[in-house]
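Novice: show me how the following folds:
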Amino acid sequence: QVQLQESGPGLVKSSQTLSLTCTVSGDSITTNLYCWSWIRQPPGKGLEWMGFISSSGNTGYSPSLKSRTSISRDTSKNQFTLQLNSVTPEDTAVYYCVRIRLGTGYSEYDYWGQGTQVAVSS
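Specialist: Coordinates of the predicted model:
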């Protein structure tokens, strides 16, 4: 059974850097055909895809967040990490780490962490 667990601070001050870690169990983050992603949901809004890191360590980011976002990994701990710089209250959201299963012509977001609430104070 694959499990993902987010961890990090629940409160961050404006202009600081938010750092969240996702610990994965039941699968290796280096397994082919999977990517590992961060998605967030601000209060009252829909899901927003932020970026991913592939099994080989390649990364991709949402154009709207690319300048402030970095995703990295620690394969020895089977973890991947999100860093979001220069946060503002608009970055207040529930943050999810997600596994993406890659198929021919499709991708499936098949396993989700429970989500972690992050508030940014002004």
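Novice: check for me that Glu90 belongs to a helix.
Specialist: Yes - assessed by DSSP: H, G, I helix; E, B strand; the rest coil, Glu90 belongs to a helix.
Novice: residue contacts, it?
Specialist: Pro42, Val120 (Cβ atoms under 8 Å, 6 or more residues apart in numbering). Bear in mind the C-beta positions are built from the backbone N, C-alpha and C, glycine included.
Novice: try 10 Å this time
Specialist: Applying Cβ atoms under 10 Å, 6 or more residues apart in numbering to Glu90 gives the contacts Ser14, Pro42, Val120.
Novice: now those as a markdown table including neighbour count?
Specialist: As requested, the contacts of Glu90 are exported to a markdown table (neighbours: other Cβ atoms under 10 Å):
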| residue | neighbour count |
| --- | --- |
| Ser14 | 13 |
| Pro42 | 14 |
| Val120 | 19 |
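Novice: Ile100: which of those residues is nearest?
Specialist: Checking those against Ile100 by Cβ to Cβ gives Pro42 as the nearest, at 21.2 Å.
Novice: dihedrals phi and psi, the closest one?
Specialist: Backbone torsions of Pro42, given as degrees, to the nearest 10, read phi -70, psi 160.
Novice: identify the residue nearest it in space, chain neighbours excluded?
Specialist: Ala93 (4.4 Å; Cβ to Cβ, 6 or more residues apart in numbering).
Novice: alright, I will stop here.
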